[in-house]
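1. the sequence and its predicted three-dimensional model are supplied below.
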Amino acid sequence: MNLSRQQIIIISSVVFVILFFVGIFTGVLPGSRMFTQKPPDVTLTVWGIDDKDFLQSGIIDYEALRTNVMVKYEEINPVGYEQKVLNALAAGIGPDVIMFSNSWLLKHFDKIVPVAETQLNKKSLQELFPTVIEQDFAPNDKIFALPLYIDTLGLYYNVDTFDKKGIALPPEDWLDFQNLIPKLMEKNSDGSISKAAAAIGGTNNTVDKGADLLMLLMLQSGAKMTNDDFSVASFAQGIDQSTPGIDALSFYAKFSNPEDIYYTWNESLDYSLDSFANGDTVMIFNYASAKDIIKSKNPFLNFKVAGMPQPYISGKDKAINYPNYWGLAVTKNSQNADWAWDFVLYMTANEVTAEKYLTASVRPPALRVLIKKYAEHPTLGVFAKQALSARSWMQLDANQDTMIFSEMVKSVLNGQLTINEALFQAEREVTEVMQSGK
């Protein structure tokens, strides 16, 4: 068949365009990389606290797509993980990519590099992920990390006890929640608690994630946790003639006050996860990750998970939920930051790869498209939907803040300080932590 000169030109142009986009898709051209016949061979080291099996499928797929890249993943014990990363980076031998907590940015932003705008811009970030990701990982328009998943606090409840007490549905707001307390709590003949209605009001010594719950209550109450430049804590301050921080702490602490009608917890009770697993506590607040822990403690416990109670505001949708999750970030030590970010994008922003990770890890999704898909999932649906209304606050050291909040509760429970005194003392201590990093 003889082709005309014009036909040959058209066919050649089409072939060129196809080959150009195939080059982009296959990774010869990640981000704005110039097209080359043979991209350089690259080895990326990745450190994380996840089981290797959670990431392995994505790594295999990535290496098949980017044939010039080899990815080596090292699983590190969560205990001491942060310090090991810091020591390695300080010695100049750190990995290219690290698992990065959603509470680390203020503390460690100077140790990681943001993604190039040609690879991912803010508009695309907002289209791909819920608002909390921008809040945690991109507060100043530079994107420093991307999430593997988003976990949030949920309400775990004992179905058998609810049925026995004639309670058909879990509470949707805090007013309904507190009104359930007298119905669910049981006492011994001496007045001591035999079955707690809920694990709330105690320190972290007895209430797992108690400090996180209190932080959520403050956010739900409208407390401004820090000033605008994240240099000073402000959760004890009044706002528009209201005192949201004081209101939140007062609400939390009343459940441990023996004189209060809603009293249901004290520090002599068993640790909340154990107490719930044993059937001695009806409701607890925890993340999706707690489900397997509870099942391991009591595989026969009949329990479900509901959404977190929200403030009772008639006719208004003001849902706020509290997140805890990890993402991936590229370190300043990386000699191949563009390829490292290419890997991070593939693992987190690629729907197929992200879902493989979720399937292996059994965690709630972070991508909006997967949140929609998992919204009615029997075990992850509650947490998936809550990701859209998750909100956090910028902390320099989340571990220290947790201890400060727990001690704040303790000082109120033992009568050492009033609600106001304890709150302002905690605010000063968190401020000292924040300013210690300057």
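-> Structure received.
2. please enumerate the strands of this protein.
-> For the chain, the strands defined by DSSP state E cover 42-48, 69-75, 97-101, 112-113, 146-147, 151-152, 154-158, 186-187, 193-198, 281-286, 303-306, 323-324, 326-331.
3. where does this protein have low pLDDT?
-> Low-confidence segments of the chain, defined by pLDDT under 70: 1-37, 314-317, 437-438.
4. 90 instead, please
-> Low-confidence segments of the chain (pLDDT under 90): 1-39, 93-94, 140-141, 191, 238-242, 312-318, 436-438.
5. pairing partners for the most centrally placed residue in it in the sheet, please.
-> Using Cα atoms, centre = their mean, the residue of the chain that lies closest to the mean C-alpha position is Asn324, 2.3 Å off. Bridge pairing for Asn324 (DSSP bridges) gives the partners Asp151.
6. so what's it up against?
-> Contacts for Asn324 were tallied using Cβ atoms under 8 Å, 6 or more residues apart in numbering; they are 102, 151-153, 212, 287. Heads up, the C-betas are built off the backbone N, CA and C, glycines and all.
7. so which of the strands of the chain is nearest Leu89?
-> Across the strands of the chain, Leu89 has its closest neighbour in strand 326-331 (6.0 Å, Cβ to Cβ).
8. just how off-centre is the closest one within its chain?
-> 14 Å (Cα atoms, centre = their mean, to the nearest Å).
9. list the strands paired with that strand, with their directions.
-> The pairing partners recorded for strand 326-331 under DSSP bridges are strand 97-101 (antiparallel), strand 112-113 (antiparallel), strand 146-147 (antiparallel).
10. got a markdown table for the ones you listed, with distance to Asp260 and mean neighbour count too?
-> Converted to a markdown table, those look like this (distance: least, Cβ to Cβ, whole Å; neighbours: other Cβ atoms under 10 Å):
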| stretch | distance to Asp260 | mean neighbour count |
| --- | --- | --- |
| strand 97-101 | 36 | 26 |
| strand 112-113 | 46 | 21 |
| strand 146-147 | 39 | 27 |
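11. what's the closest of the ones you listed to Leu396?
-> Judging the strands paired with strand 326-331 by Cβ to Cβ, what sits closest to Leu396 is strand 97-101, at 12.5 Å.
12. can I get that closest one in CSV, CA atoms only?
-> In CSV, the C-alpha atoms belonging to strand 97-101 read as follows (Å, rounded to 0.1, in the frame of the first residue of the first chain):
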residue,chain,number,x,y,z
VAL,A,97,11.7,8.3,52.3
ILE,A,98,10.3,8.0,55.8
MET,A,99,7.0,7.3,57.3
PHE,A,100,5.9,10.7,58.8
SER,A,101,3.4,11.2,61.6
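13. give me the contact list for it.
-> When contacts are defined by Cβ under 8 Å, 6+ apart, strand 97-101 is touched by residues 44-50, 81, 85, 108, 112, 144-145, 148, 325-331, 334, 340, 343-344, 398.
14. swap in 6 Å and give it another go.
-> 46-49, 85, 145, 326-331, 340 (Cβ atoms under 6 Å, 6 or more residues apart in numbering).
15. ok, now stretch 382-397?
-> Identification of contacts with stretch 382-397 by Cβ under 6 Å, 6+ apart yields 103, 106-107, 130, 132, 136, 150, 152, 154, 219, 225-226, 230, 288, 305, 307, 319-321, 323, 364-365, 371, 374-375, 401, 433-434, 437.
16. among those residues, which are located in helices?
-> Counting by DSSP state H, the part of the contacts of stretch 382-397 found in helices is 106-107, 132, 136, 219, 371, 374, 401, 433-434.
17. next, format those residues as CSV and append distance to Leu413 and neighbour count.
-> Putting the ones in helices among the contacts of stretch 382-397 into CSV (distance: Cβ to Cβ, whole Å; neighbours: other Cβ atoms under 10 Å) gives the following:
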residue, distance to Leu413, neighbour count
Leu106, 30, 19
Lys107, 30, 19
Val132, 31, 23
Asp136, 31, 27
Leu219, 22, 21
Ile371, 38, 22
Tyr374, 39, 20
Asp401, 19, 22
Val433, 23, 19
Met434, 26, 23
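18. name the nearest of those residues relative to Phe162.
-> Of those, the one sitting nearest to Phe162 (Cβ to Cβ) turns out to be Tyr374, at 25.0 Å.
19. now Asp141. Its backbone dihedrals?
-> In terms of degrees, to the nearest 10, the main-chain angles of Asp141 are phi 70, psi -10.
20. ok, and the closest non-adjacent residue to it?
-> Excluding its sequence neighbours, the residue lying closest to Asp141 (Cβ to Cβ, 6 or more residues apart in numbering) is Lys122, at 5.5 Å.
21. residues near Ser256, how many?
-> 23 (other Cβ atoms under 10 Å).
22. equivalent analysis for the one 4 residues further on, please.
-> In terms of burial, Asp260 registers 14 neighbours under the definition other Cβ under 10 Å.
23. show me what contacts it?
-> Per Cβ under 6 Å, 6+ apart, neighbours of Asp260: Lys254.
24. quick one, what contacts Asp270?
-> Asp270 neighbours (Cβ under 6 Å, 6+ apart): none.
25. just to revisit the earlier point, reformat the contacts of Asn324 as a markdown table; add neighbour count and distance to Pro182.
-> Formatted as a markdown table, those follow (neighbours: other Cβ atoms under 10 Å; distance: Cβ to Cβ, whole Å):
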| residue | neighbour count | distance to Pro182 |
| --- | --- | --- |
| Asn102 | 23 | 37 |
| Asp151 | 25 | 31 |
| Thr152 | 27 | 28 |
| Leu153 | 24 | 24 |
| Asp212 | 23 | 26 |
| Tyr287 | 23 | 28 |
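26. among those, which one lies nearest to Asn257?
-> Asp212 (21.1 Å).
27. leaving out chain neighbours, which residue sits closest to the closest one?
-> Nearest non-adjacent residue to Asp212, counting by Cβ to Cβ, 6+ apart: Tyr322, 5.8 Å away.
28. these two touch, right, that neighbour and Ile150?
-> No - using Cβ atoms under 6 Å, Tyr322 makes no contact with Ile150, being 10.9 Å away.
29. now do Tyr62 against Lys356, distance only.
-> Using Cβ to Cβ, to the nearest Å, one obtains 11 Å as the distance from Tyr62 to Lys356.
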